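K.L.:
what's the 3D shape of this:
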Amino acid sequence: MESALDYHTARALLDWQIELGATESIGDVPIDRYALPDTGPKVKKPVAQAAPEKPKQVDPAAVAKAAAQGAGSLDQLRATMESFDHCELKRGARQLVFADGTPGARVMIIGEAPGREEDREGKPFVGRAGQLLDRMLAAIDLDRHKNVYITNVLPWRPPQNRDPKPEEIGMMKPFLERHVALAKPEVLVVMGNISCQAVLGKRGITRLRGHWDQAMNLPVIPMFHPAYLLRQPQAKRQAWADLLELKARLEGK
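P.N.:
This next block holds a predicted model:
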């Protein structure tokens with residue numbers, strides 16, 4: 001039986017094996033390395049980043065409806081409309097055109113949108129069209145300073161006096177409905193196609209004019225817009241017939 005290696009011989013043999021590339025010793029008993037505890041460096045799992053929240057889409061008509069319903073008076077409604085920033089028309093207009101005439105009057109006239117003169121003065125139906133309207137009303141004993149209240153579908157002037165877009169009408173309609181509710185007229189007069197579309201949901205003023213309809217729980221009569229009558233004076237005869245129809249309604253005939 002061979003004698004055990006002395007220390008120096010064993011050390012020399014070990015150094016020689018290390019030089020040959022040995023990295024670990026092998027024992028007489030096999031080792032199940034799958035059963036050994038994991039002593040390697042722990043790798044941190046990446047923390048899932050929450051996806052950024054998408055900005056909520058704002059519905060201008062819904063904002064307008066909530067704002068309008070919160071107005072308890074005409075003054076509050078005007079202030080609410082002045083602070084409403086969701087309508088692009090506001091950025092190009094000089095000022096809000098709210099109303100003119102006598103609040104609480106039996107007759108409420110709804111025009112289309114402010115023009116240049118209205119935008120400058122801050123009142124609906126001024127300039128030549130407004131002067132013609134005043135003469136039309138005077139012919140049946142009406143006066144904006146005594147017994148008529150006037151507003152528009154839109155309170156801000158569209159650029160270059162273009163027709164209001166359907167989305168602009170829809171956005172501002174809650175304010176118009178609240179305006180009518182607070183003014184409490186007995187009769188609505190809608191002048192022009194845009195007014196008919198906004199109030200009655202119909203277009204075709206030549207077909208609709210002079211015929212009573214119903215909207216906002218009130219009787220409504222469509223009429224030609226005074227600006228149209230300035231361009232088409234031959235239509236004044238029909239406008240006169242419509243005024244007489246309005247007068248008969250007010251007199252209960």
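K.L.:
Do a quick rundown of the strands in the stretch 151-253 of the chain.
P.N.:
In the stretch 151-253 of the chain, the segments counted as strands under DSSP state E, counting those that start in this stretch are 187-191, 213-215, 218-223.
K.L.:
Check what contacts the first one and list those residues.
P.N.:
This points to strand 187-191. Here strand 187-191 makes contact (C-beta atoms under 8 Å, 6 or more residues apart in numbering) with 106-112, 180, 196, 198-200, 215-216, 218-226, 246, 249-250. No exception for glycine: its C-beta is placed from N, CA and C like everyone else's.
K.L.:
tell me the angle of it relative to strand 218-223?
P.N.:
Angle, strand 187-191 to strand 218-223, by axes from the mean of the first three to the mean of the last three C-alpha atoms, to 10 degrees: 30 degrees.
K.L.:
which regions of the stretch 51-200 of the chain sit below the pLDDT cut-off?
P.N.:
Filtered on pLDDT under 70, the stretch 51-200 of the chain yields the residue ranges 51-52, 54-55.
K.L.:
mind redoing it with 80?
P.N.:
The stretch 51-200 of the chain contains residues with pLDDT under 80 at 51-56.
K.L.:
The residue nearest the centre of the chain - nearest residue in space that isn't next to it in sequence?
P.N.:
Centroid-nearest residue in the chain, with C-alpha atoms, centre = their mean: Pro60, separated by 2.1 Å. The spatially closest residue to Pro60, leaving aside those adjacent along the chain, is His86, at 3.8 Å (C-beta to C-beta, 6 or more residues apart in numbering).
K.L.:
and that neighbour, what is it in contact with?
P.N.:
Neighbouring residues of His86 by C-beta under 8 Å, 6+ apart: Val58, Pro60, Val63, Ala64, Met171.
K.L.:
one more time with 10 Å
P.N.:
Counting by C-beta atoms under 10 Å, 6 or more residues apart in numbering, His86 touches Val58, Asp59, Pro60, Ala61, Ala62, Val63, Ala64, Ala67, Met171, Met172.
K.L.:
And Ile169, by the same measure?
P.N.:
Ile169 sits in contact with Glu112, Ala113, Val153, Leu154, Asp163, Leu176, Ile194, Ser195, Gln197, Ala198, Val199, where contact means C-beta under 10 Å, 6+ apart.
K.L.:
try it again with 6 Å
P.N.:
By C-beta atoms under 6 Å, 6 or more residues apart in numbering, the contact set of Ile169 is Ala198.
K.L.:
Pull up the gap between it and Ala61, please.
P.N.:
Using C-beta to C-beta, to the nearest Å, we find Ile169 at a distance of 10 Å from Ala61.
K.L.:
Which stretches in the stretch 1-150 of the chain count as strands?
P.N.:
Ranges of strands in the stretch 1-150 of the chain, per DSSP E, counting those that start in this stretch, are 100-101, 107-111, 148-152.
K.L.:
Narrow the contacts of strand 187-191 to those that are buried.
P.N.:
Of the members of the contacts of strand 187-191, the ones counted as buried by neighbours, 16 or more other C-beta atoms under 10 Å, are 107-112, 180, 196, 198-200, 215-216, 218, 220-226, 246, 249-250.
K.L.:
Quick check, the residue nearest to the centre of the chain in contact with Met171.
P.N.:
Yes. Applying C-beta atoms under 6 Å as the test, Pro60 and Met171 come out as touching, 4.7 Å apart.
K.L.:
Let me know how buried Ala248 is, in neighbour terms.
P.N.:
Using other C-beta atoms under 10 Å, Ala248 has 11 neighbouring residues.
K.L.:
Also Tyr7?
P.N.:
Neighbourhood size, Tyr7 [other C-beta under 10 Å]: 8.
K.L.:
Next one: it from Ile18, what distance?
P.N.:
For Tyr7, the distance to Ile18 equals 16 Å [C-beta to C-beta].
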